[in-house]
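>>> Got a predicted structure plus its sequence, pasted below:
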6 protein chains.
Amino acid sequence: MSKIVTLGEIMLRLSTPLHKRFIQSEQFNATYAGAEANVAVSLANYGYDAYFVSKVPNNLIGKSAINQLRQYGVNTDYVSNGGDRLGVYYLETGASMRPSKVIYDRAHSSFSKATIDDFDFDEIFKDCTWFHFSGITPALSDSVAKLTERALQKAKAMDITVSVDLNYRKALWTREKAQKTMIPLMQYVDVCIGNEEDIKDVLGYTPKDTDITQAKIDIDGYKDVFKTICEAFDFRYVVSTLRESYSASDNGWRALLYDGESFYTSKKYDIRIVDRVGGGDSFTAGLIHGLLTKDTQDALEFAVAASALKHTIHGDFNLVSEEEVNALVNGDASGRVKR
Amino acid sequence: MSKIVTLGEIMLRLSTPLHKRFIQSEQFNATYAGAEANVAVSLANYGYDAYFVSKVPNNLIGKSAINQLRQYGVNTDYVSNGGDRLGVYYLETGASMRPSKVIYDRAHSSFSKATIDDFDFDEIFKDCTWFHFSGITPALSDSVAKLTERALQKAKAMDITVSVDLNYRKALWTREKAQKTMIPLMQYVDVCIGNEEDIKDVLGYTPKDTDITQAKIDIDGYKDVFKTICEAFDFRYVVSTLRESYSASDNGWRALLYDGESFYTSKKYDIRIVDRVGGGDSFTAGLIHGLLTKDTQDALEFAVAASALKHTIHGDFNLVSEEEVNALVNGDASGRVKR
Amino acid sequence: MSKIVTLGEIMLRLSTPLHKRFIQSEQFNATYAGAEANVAVSLANYGYDAYFVSKVPNNLIGKSAINQLRQYGVNTDYVSNGGDRLGVYYLETGASMRPSKVIYDRAHSSFSKATIDDFDFDEIFKDCTWFHFSGITPALSDSVAKLTERALQKAKAMDITVSVDLNYRKALWTREKAQKTMIPLMQYVDVCIGNEEDIKDVLGYTPKDTDITQAKIDIDGYKDVFKTICEAFDFRYVVSTLRESYSASDNGWRALLYDGESFYTSKKYDIRIVDRVGGGDSFTAGLIHGLLTKDTQDALEFAVAASALKHTIHGDFNLVSEEEVNALVNGDASGRVKR
Amino acid sequence: MSKIVTLGEIMLRLSTPLHKRFIQSEQFNATYAGAEANVAVSLANYGYDAYFVSKVPNNLIGKSAINQLRQYGVNTDYVSNGGDRLGVYYLETGASMRPSKVIYDRAHSSFSKATIDDFDFDEIFKDCTWFHFSGITPALSDSVAKLTERALQKAKAMDITVSVDLNYRKALWTREKAQKTMIPLMQYVDVCIGNEEDIKDVLGYTPKDTDITQAKIDIDGYKDVFKTICEAFDFRYVVSTLRESYSASDNGWRALLYDGESFYTSKKYDIRIVDRVGGGDSFTAGLIHGLLTKDTQDALEFAVAASALKHTIHGDFNLVSEEEVNALVNGDASGRVKR
Amino acid sequence: MSKIVTLGEIMLRLSTPLHKRFIQSEQFNATYAGAEANVAVSLANYGYDAYFVSKVPNNLIGKSAINQLRQYGVNTDYVSNGGDRLGVYYLETGASMRPSKVIYDRAHSSFSKATIDDFDFDEIFKDCTWFHFSGITPALSDSVAKLTERALQKAKAMDITVSVDLNYRKALWTREKAQKTMIPLMQYVDVCIGNEEDIKDVLGYTPKDTDITQAKIDIDGYKDVFKTICEAFDFRYVVSTLRESYSASDNGWRALLYDGESFYTSKKYDIRIVDRVGGGDSFTAGLIHGLLTKDTQDALEFAVAASALKHTIHGDFNLVSEEEVNALVNGDASGRVKR
Amino acid sequence: MSKIVTLGEIMLRLSTPLHKRFIQSEQFNATYAGAEANVAVSLANYGYDAYFVSKVPNNLIGKSAINQLRQYGVNTDYVSNGGDRLGVYYLETGASMRPSKVIYDRAHSSFSKATIDDFDFDEIFKDCTWFHFSGITPALSDSVAKLTERALQKAKAMDITVSVDLNYRKALWTREKAQKTMIPLMQYVDVCIGNEEDIKDVLGYTPKDTDITQAKIDIDGYKDVFKTICEAFDFRYVVSTLRESYSASDNGWRALLYDGESFYTSKKYDIRIVDRVGGGDSFTAGLIHGLLTKDTQDALEFAVAASALKHTIHGDFNLVSEEEVNALVNGDASGRVKR
């Protein structure tokens, strides 16, 4: 199938065993994760020739990250080796009214020190049909921001569809820095994914007030800002998931898409959560697959169903097949045993 | 207490640790399970002299299956040794809208190759008051189907009550084969347990349409088909559990019984699921105990409460005591800590 | 911050891994717990100089109990060494309609054999502002009952605020013995914490009937009995949590306080339970902190929020910070990931 | 096969995961063990109708102990129910020069409170050919000492062979008490098993000095004391294992037997230890089987090989078959993979 | 680097946690293994473009086997999908004088039913420099034996070096069947690897008697039979590892090679064993790499060092790098910490 | 007892479960460790008022490090809070000829950024009798090197005994930098601990050649260099452990001390290794305790026995009591079970 490229950082994810707090945990589960790597794994599951482009240290922790991507079928041929360390993120899984906690320890990572010389984008983008990155990537360092811009220029020149997940991370940069860096990159973007906060933080546009600590979402507020940024940046699609956070254990989940003409709303799922980290990335991957193979409404439904399933799976990666997503899209949410 | 005999296959159950997918699991929890073995364990818990009759390979995996039955008080004196292998079933536990998955690897098992010569039913049925089997047993092979018929003839001749759980398994045989084999066996059966699908697949009778992937059940459709088969096969009781599959995590659970004259409906439980495999078998065992010691409505309530509790217990076996089931029947579903 | 002293027993808690039944468990998780020790840990988390006073055997099991308290910042300088054994309690975690089970094996423990000579209360209460004990402590033995009385006399003489959690344990003594012992101690108590059953069993006052196996609570019945005992024993505050036990997995949780003049009711939380043991103790600790630093309504809200969070944490100890409790008090129950 | 009865206490064994110290362990492995229970399991493995006679509390910990015995084929029909608690022993597995540590918490157990009325020895000894007990049993309490004497009288009257493992436990009684109790019981004993210390502590006879903290054993010293006690108590056999403790990880292992006429010495094994607790009990069981079916030298070799294998198995129980012991007796200690 | 192809079966390996016996294990560690798959993983570690050719069922167990190979860099593009099941092997790890046990449950596997039509050897062998198979492959079924012959003919026609590991498995076929099948295949073989037993069982040539249950090896006996078969089948190299089985925990390990002119003996390693299964396969892979890149003595030393290291690694796969093997070849067996 | 202060970095230690390689590990055991923290834990075990002085980030990973120190009785009152991250070290435990591997990820840690302003050494050294640091501390950064110098000046001024463990870490600095920094600090040192390599790398003095990858040690070479540096820097004691690395599983272990007049050699232990990391630190702590309470030979024997025991314990901390060390010093290395 067709080749898709993602560019970003992969980290070691150290999570406490189910619901344990950091200060009582004598063990960490070790997986590897990162926004764009997560997207690549999903796309490999759907049968794409999915490439993850990054840089990892030349040690066995870096090797393990690559191995885990290979295990799930991601092509890692363009991952560069070098630098000092693999970034780490610590995850404590919440429950009920206790939120999950993430502690980032990703500064000084190999990828944050990467430069344009680490990658040959002519080679990387050869025969590629889609390129995806998130707002985390340019936030890592000025050097990586430059690298991202170069990749985007190259992609545009090679007529590759580009998607971005705005994904604002306040631990990485200020809103000012984010806007100064990201807004100029929007000219290369076809599909812009971002929730209310991201759009405000990264692009500087504010939807009508939605108190995100409440389980209520004001879709009309969304529509205004979607229209506005769609025109401002000439996006083909503006898309957002709409999470209703009833608690750390239960969420509502659906999505909204604007194609410059109409708004599309998906079915809503009420989810009992196993692991919600990576939910947004699984949506992005489902959307890419949907937009490449289905009409708009079906694409959105596929993306939402895929990411609803992600919430039931340990780790950042969405280990589901296209067939499983389709079963849910087609209405079987009964959870009956498949024999 | 009185002696009850069950006949069937026991397998090694290899389940992924809670909610892990097969492709991410480095460990399997190993227990031993099978429809009739599960029934026998429940009956031993209720104080019966419960026998499980089967054949296992003469190796340490077969030995482990026997040991686990002995641990829970089942008498394994009539389990034959020999043949090539113990069947295996792999189980991946679902969550929310992701269904659990079962992969069977049971072909060529020792029990599927068993013959009439492996068992002395005169000895086995001595002093026995009840015999139970499921539709899985004759589905295993023609040889086991014959063996089952022989056991039923012997049981009838010795005036033993016989129950069957229709339990259609499409992986084992076609509907045509199932009906051709099972219908002639129904003459020996006193208590017939089977849900809407089983009755259609195994006996060829169709209830009014119930979409089992939905969480809605049409009890009237059930009543028609219950009456019809009760007359057709002269059953003393026709019984079915009624599962409402809201999701892989939450189910509604109750049951319906017809005794040739009246319909009995049980209380309904809304269950937060820990492990639902073996739920039907725990219902059967509760029903046998109920019918042997209580009036009809109480029997049904005991069976439903017992099997509701099963959904909260890891493994196929329903490790609860009669006293615990009675506490639930008597209305304490509060889950308050017992000190 | 100020010094708070608690007096009681600490036990080894042996719990089966999540939801396993005792008879299927090959491992126990080992933590250390006890009503007053649990309170001390919470208070240390809120920054108090929290002391736990007790007696443990001079072996490595006793040492481990002390070490676990030190780990969470409790001062154990006044824990005496000697006697024969550390008490044990076995815990099986329930689910849905299956209740959790506790088996106590605490008789003959080192602390139950402790005498007045084991402790120097002049030293212990130096600079102390609050003393807390539960009804479990005097129930352990006549010797410990005497010890408790001595502590209370000393505390009163030194003008220390005293709180009690009535905590009736039928496995330890009869109601008659409880009332005979506890009622004379009430003269030293400022803050009396106890639910409907405790007040009836320990103080002999009966609220209007509340069927505690139902998920319904009659607050008016509470109010009568609160007023009555507040006058009878001249308490400054009478307080109780109000648990609605929907099932072993889901509870409603709020609290009621009477200060001799007005009643205060807290917000109510619906909790998805991870581990409910220690819930009451975490409420007590939250209340102590609240009454020391906030007005009455805020004190109650802090206590209820703190103890709601406890239900999401493994083990008896409430491992949350004041900041986390405040976030919940201030309305963020959304469980959104904190990055 | 023939019926063998053992009488003693079974405890919950709580061991730290491999080599962890008590103070760093958050989990305990839970198995059930006791000198005579261990012997019974071995005998069941060799095909005997092995009975374990004891008393356990009527709770799920007591039930779990029984279940584990049943799992390995021991008949528990004569285990009485009642009393307060199951004894506990904590085990920390040593390594190299760090010794394993055992902390007993067995006082006040159900069995220590058992009386003659708990058991019907006429029934128990019906068709029995061998009765075994250890010096731990009468040490538990005066009541159990009386019970043991009654059992021995009955066994002698019914012409049953009796073996004892002297097994002195200084935590349970003084040497004086041990000798006063045990010496009168020796008249019923046919086979006396005991190492140098046991003989000194329990019977009051001292072999020539052997410093048991050294890895050197003086067999001549043994011979003197064996002859002396064999005559003094008219034993048929006096037997001892000879352990050379190089370290907690490596031991030498062989045995010495005196039949009143000759001395028999076994082959010596150098063992890499997995778990040495229960080694002596597995020797006793092997010896009983050997003396019942083989000539004296072969009996001793079987016992030593069986117990050498025990050291490679987790838990107190020696989970090996007769066939596996014979393979080692016949010289295959190569450890080559059996396919 | 150059392309190497191996052909064989991959199984699910279910091993008990370290040293547990089957009958006491509630969990199995799940890895995937097979003689030729093991070789392929090693070769991928050394940088080769290593292909494993096989057939696995089209379910998630088959998928997991492929994923694990991909994780370690093996190319699985030519693995066919279909058939009924993935074979299973159960492994119990021995210790000291207790041997490890393997129970095979591999009959009726997908690969055993594979036919010539499942593979396109022209494509598979394109640009290939070496082809490896073991005697297990043709033993699986007549159909697979034919398939193997076809592969060998093709390989010879394409001038590819061929190695075989004779690997006699008595559970799969008789010596007669083995010799009848394997001897005709020897004409295609350049490098023949096999120990004394294999050569006798598979090729019918007997070395001077070596009692392999003893820890003694008669090298002269080996030399005779090596010369004989080297001439008989015109092998370029005849090679064998020489295992001295002191116990299940400690082995001696070295190797012997004959190139038609001279004998080469390697350095000998005394190994403390973690997991010895796959030791032979890691030797084969080391030898292939050695013969492709080094002179004969160095090739043999590399193979022996590589496989010595395998014994310290869990699972069948030899997860070591060329650099690590070279460090051992160069004399650093000190095990000092590498920082 | 008397107050001892250590100054250094504490890291999160992420170790693979026993003997697993990094690339096959899905879990890490999480403990906290650092050369000086390890020393402090040992000293707390021996009853000292042991202080660890450091700086950790103000997050829950930093909190966990402090909590673990408190658990084992170390006083953490002078640990400063702030900075970005806790350093991490990854550990893969070797076996036999496969070495253990350490990957450091400690750059940019909170402590490496600490300055003199973070600590009040007047307060810290009040009533202190001994100050210990290792060569790792000044290697972390220029700022920490300055801080160390300040601490040493203060300690000298307050007449506190000072010990150093030279501990050269090539990953942290060059030999040139090490010598330039460390040599000026030696004027404050009373007790210098360092093996052959450390003395060469840090102080620039070379003993006669000892190939440390071999299991052979040239004591005479040591003596020369000890005399030389003892005079050069006016040390009171120069001490080194002498490790003979037979393999990753077995080591020889003893020590050499020079007091300016005589050489003292300890008993030698042959150790079966569980976890050797922290061995040197446990020696240092044993030596400090020895020199404070015993004559020179006994001090050395205590230090060697203590650190021999460390090798049998998981984690960096030496969790043994003075009593346990004395038992080994007094000759009981038999590993017999302590009941």
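Looks like it came in fine.
>>> ok, so what distance separates the residue nearest to the spatial centre of chain A from chain C?
When C-alpha atoms, centre = their mean is applied to chain A, the residue found nearest the centroid is residue A:281 (2.8 Å). Residue A:281 sits 14 Å away from chain C, going by C-beta to the nearest C-beta, to the nearest Å. Just so you know, the C-beta spots here come from the backbone N, C-alpha and C atoms, and that holds for glycine as well.
>>> need the residues of the stretch 101-250 of chain A near chain F, please.
A:101, A:103, A:105, A:107, A:108 (C-beta under 8 Å from any C-beta of the partner chain).
>>> that older thread, tell me the contacts of the residue nearest to the centre of chain A?
If you count contacts by C-beta atoms under 8 Å, 6 or more residues apart in numbering or on different chains, residue A:281 has them with A:35, A:36, A:38, A:39, A:42, A:165, A:316, A:318.
>>> give me that answer again for 7 Å
Applying C-beta atoms under 7 Å, 6 or more residues apart in numbering or on different chains, we find residue A:281 in contact with A:35, A:38, A:39, A:316.
>>> so the second one, which of the three states?
The one in question is residue A:38. The three-state label given to residue A:38 by DSSP: H, G, I helix; E, B strand; the rest coil is helix.
>>> quick one: it and residue A:319 touch, right?
No - using C-beta atoms under 7 Å, residue A:38 is not in contact with residue A:319, being 10.8 Å away.
>>> okay, the two: which has more neighbours?
residue A:38 (29 against 22; other C-beta atoms under 10 Å in any protein chain shown).
>>> What's the mean pLDDT across stretch A:165-181?
For stretch A:165-181, the mean pLDDT works out to 97.
>>> shaky segments in the stretch 201-339 of chain A?
By pLDDT under 70, the weakly predicted segments of the stretch 201-339 of chain A are A:207-217.
>>> any idea where the strands of it begin and end?
Applying DSSP state E, counting those that start in this stretch to the stretch 201-339 of chain A gives strands spanning A:237-245, A:250-258, A:263-265, A:269-272.
>>> Can you tell me which residue of the stretch 201-339 of chain A sits closest to chain F?
Closest residue of the stretch 201-339 of chain A to chain F, C-beta to the nearest C-beta: residue A:315 (10.0 Å).
>>> State the distance from that residue to residue A:38.
With distances taken as C-beta to C-beta, to the nearest Å, residue A:315 is found 9 Å from residue A:38.
>>> Residue A:269 and residue A:308 touch, don't they?
Yes - applying C-beta under 7 Å as the test, residue A:269 and residue A:308 come out as touching, 4.2 Å apart.
>>> quick one: which of those two has more around it?
More crowded of residue A:269 and residue A:308, by other C-beta under 10 Å: residue A:308, with 31 against 20.
>>> measure the more buried one to residue A:237 for me?
Distance, residue A:308 to residue A:237, using C-beta to C-beta: 20 Å.
>>> and what of residue A:198?
As judged by C-beta to C-beta, residue A:198 and residue A:237 stand 15 Å apart.
>>> residues contacting residue A:78?
Going by C-beta under 7 Å, 6+ apart, residue A:78 touches A:51, A:53, A:119, A:124.
>>> What pLDDT is listed against the nearest residue to the last one once chain neighbours are set aside?
Spatial nearest neighbour of residue A:124, excluding adjacent residues (C-beta to C-beta, 6 or more residues apart in numbering or on different chains): residue A:78 at 5.2 Å. At residue A:78, the predicted lDDT confidence score is 98.
>>> Give the helix, strand or coil label for residue A:78.
Applying three-state DSSP: residue A:78 is coil.
>>> quick one on the thing from earlier: with respect to chain B, which of the residues of the stretch 101-250 of chain A next to chain F is nearest?
Ranked by distance to chain B (C-beta to the nearest C-beta), those are led by residue A:101 at 20.6 Å.
>>> pLDDT score assigned to the closest one?
Per-residue confidence for residue A:101 comes out at a pLDDT of 96.
>>> From residue E:221, how far out is residue A:250?
For residue A:250 relative to residue E:221 (C-beta to C-beta), the value is 72 Å.
>>> Dump stretch A:72-92 to CSV, keeping only the CA atoms.
Provided in CSV are the C-alpha atoms of stretch A:72-92 (Å, rounded to 0.1, in the frame of the first residue of the first chain):
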residue,chain,number,x,y,z
TYR,A,72,4.4,-3.5,14.9
GLY,A,73,5.5,-3.2,11.3
VAL,A,74,6.7,0.4,11.1
ASN,A,75,9.6,1.0,8.8
THR,A,76,12.5,2.6,10.7
ASP,A,77,15.1,2.7,7.9
TYR,A,78,15.3,6.5,8.2
VAL,A,79,15.8,6.7,11.9
SER,A,80,19.2,8.3,12.5
ASN,A,81,21.5,7.2,15.3
GLY,A,82,23.4,9.5,17.6
GLY,A,83,23.1,12.0,20.4
ASP,A,84,23.0,11.5,24.1
ARG,A,85,19.7,10.1,25.3
LEU,A,86,16.3,8.9,24.6
GLY,A,87,13.7,11.1,26.2
VAL,A,88,11.6,9.6,29.0
TYR,A,89,8.0,10.2,30.1
TYR,A,90,6.7,8.9,33.4
LEU,A,91,3.0,8.0,33.5
GLU,A,92,0.8,7.4,36.5
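>>> So which bits of that stretch are buried?
Across stretch A:72-92, burial judged by 16 or more other C-beta atoms under 10 Å in any protein chain shown covers A:72-76, A:78-80, A:83, A:85-92.
>>> Mind checking which of these land in strands?
A:80, A:88, A:89, A:90, A:91, A:92 (DSSP state E).
>>> quick one, what contacts the third one?
Which is residue A:89. Contacts of residue A:89 (C-beta under 7 Å, 6+ apart): A:11, A:13, A:102, A:103, A:104, A:105, A:106.
>>> How much space separates it from chain B?
Taking C-beta to the nearest C-beta as the measure, residue A:89 falls 19 Å from chain B.
>>> what's across from that residue in the sheet?
residue A:13, residue A:104 (DSSP bridges).
>>> so what pLDDT did it get?
The model's pLDDT for residue A:89 equals 97.
>>> can you tell me the residue of chain A closest to chain B?
residue A:335 (2.8 Å).
>>> Could you double-check that that residue sits in contact with residue B:99?
Yes - judged on C-beta under 7 Å, residue A:335 makes contact with residue B:99 at a distance of 4.9 Å.
>>> tell me, what's touching the two both at once?
Common neighbours of residue A:335 and residue B:99 (C-beta under 7 Å, 6+ apart) are residue B:248.
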